[in-house]
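Colleague: I'll drop the sequence and a predicted model, then ask my questions.
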Amino acid sequence: MIGKLTDEERALALADLPQWTPVSDPDGISRRFTFTDFVGAFGFMTRVAILSEKADHHPEWSNVYNRVDIVLTTHDAGGLSQRDIDLAKLIDGLAE
Ligand SMILES: C[C@H](O)[C@H](O)[C@H]1CNC2=NC(N)=NC(=O)C2=N1
């Protein structure tokens, strides 16, 4: 079973993810993505869904028109784990 990152591991990992913000409820990281319109937002969500399913790690997210808010947390660990860091990097790659 995957474990939560230690404070030191978390600080190191977040230094590589400047666009993600730590959140406490749930314990994880969050980023907002904004697109031109709903089609852009939903296309992005489709790509995130496919890579999340491949990684067997899934976001908590919401969508309003052209905006997608994502929170990454690991339910199995009760907080932020390396699996969230890995998925955040993949998502950042999609959004570039
Ligand atoms: C059985 C399956 O591997 C687990 O339930 C996975 C699926 N996706 C998951 N996604 C997230 N965000 N956290 C998890 O703990 C998690 N667990």
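Modeller: Happy to help now that I have it.
Colleague: what residues does the protein put near the ligand?
Modeller: Asp56, His57, His58, Thr73, Thr74, His75, Asp76 (Cβ under 6 Å from any ligand atom). (C-beta placed from N, C-alpha, C; glycine too.)
Colleague: run the last query once more with 8 Å
Modeller: For the chain, the contact set with the ligand under Cβ under 8 Å from any ligand atom comprises 2, 52, 56-60, 72-77, 83-84, 87.
Colleague: are any of those residues buried, and which?
Modeller: Burial by neighbour count, judged by 16 or more other Cβ atoms under 10 Å, picks out Ser52, His57, Pro59, Leu72, Thr73, Thr74, Ala77, Arg83, Asp84, Leu87 from the residues of the chain next to the ligand.
Colleague: give me phi/psi at the first one?
Modeller: It refers to Ser52. phi -70, psi -40 (degrees, to the nearest 10).
Colleague: Run a quick check on it versus Leu87, I expect a contact.
Modeller: Yes - here Ser52 reaches Leu87: they are 6.7 Å apart, a contact under Cβ atoms under 8 Å.
Colleague: Need the overlap of contacts for the two.
Modeller: Both Ser52 and Leu87 are contacted by Pro59, under the criterion Cβ atoms under 8 Å, 6 or more residues apart in numbering.
Colleague: What's the mean pLDDT across the longest strand along the chain?
Modeller: If you go by DSSP state E, the chain has its longest strand at strand 27-34. Rounded to a whole number, the mean pLDDT of strand 27-34 is 98.
Colleague: which helices and strands does it pack with?
Modeller: When contacts are defined as 3 or more Cβ pairs under 8 Å, 6 or more residues apart in numbering; DSSP states H and E, strand 27-34 sits against strand 21-24, strand 67-72, helix 82-95.
Colleague: how about 6 Å then?
Modeller: If contacts are counted by 3 or more Cβ pairs under 6 Å, 6 or more residues apart in numbering; DSSP states H and E, strand 27-34 sits against strand 21-24, strand 67-72.
Colleague: quick one, which of those strands is packed in tightest?
Modeller: strand 67-72 (a mean of 20; mean count of other Cβ atoms under 10 Å).
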